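1. Sharing a sequence plus its predicted fold:
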Amino acid sequence: QLHASGGGLVQAGDSLRLSCVASERTFSTYFMGWFRQAPGKEREFVAFINWSGAGTYHVDSVKGRFTISRDIAKNTVYLQMNSLKPDDTAVYYCAAGGTIVGSTYTPTSWGQGTLVTVSS
């Protein structure tokens with residue numbers, strides 16, 4: 001099971017940190033990641049991280065602004081979001097398990113979403 005939190009309403013240029021707490025069984029999966037779905041758009045991949053935390057990948061649109069990390073002791077994955085833009089407005093979902101082929105992450109478990117709204 002996955003439980004995401006940390007969303008909210010912020011202004012452009014602000015920062016937010018999303019958290020995703022996983023059950024111990026879920027957290028032990030090798031990959032975890034974040035996706036987002038903007039109003040009227042399809043869900044899109046944002047970032048993934050491997051078990052050790054040493055391997056990460058971020059989609060081009062967030063590189064340099066967002067950082068995914070995980071705290072093994074807390075069974076938690078984070079998404080630090082800096083320099084937020086109105087285009088980042090979306091429901092953000094954490095995900096776990098699954099496979100990665102190239103830069104395509106296909107998870108097997110999903111958490112509920114947390115809404116991030118960025119005003120201009």
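-> Arrived safely. Note that the coordinates shown come from a computational prediction; the quantities given were computed from them, not determined experimentally. Residues are numbered from 1 along each chain as shown.

2. tell me the contacts of Gly98?
-> Going by Cβ atoms under 8 Å, 6 or more residues apart in numbering, Gly98 touches Thr29, Phe31, Tyr105, Thr106, Pro107, Thr108, Ser109. Every C-beta, even on glycine, is put in place using the N, C-alpha and C of the backbone.

3. among these, which are in strands?
-> Of the contacts of Gly98, the ones assigned to strands by DSSP state E are Tyr105, Thr106, Ser109.

4. List just the nearest of those to Thr76.
-> When the ones in strands among the contacts of Gly98 are compared for distance to Thr76 (Cβ to Cβ), Ser109 wins out at 15.0 Å.

5. so what's that closest one bridging to?
-> Beta-bridge pairing of Ser109 under DSSP bridges involves Ala96.

6. Was I right to think it contacts Thr29?
-> Yes. Between Ser109 and Thr29 a contact is recorded at 7.5 Å, counting by Cβ atoms under 8 Å.
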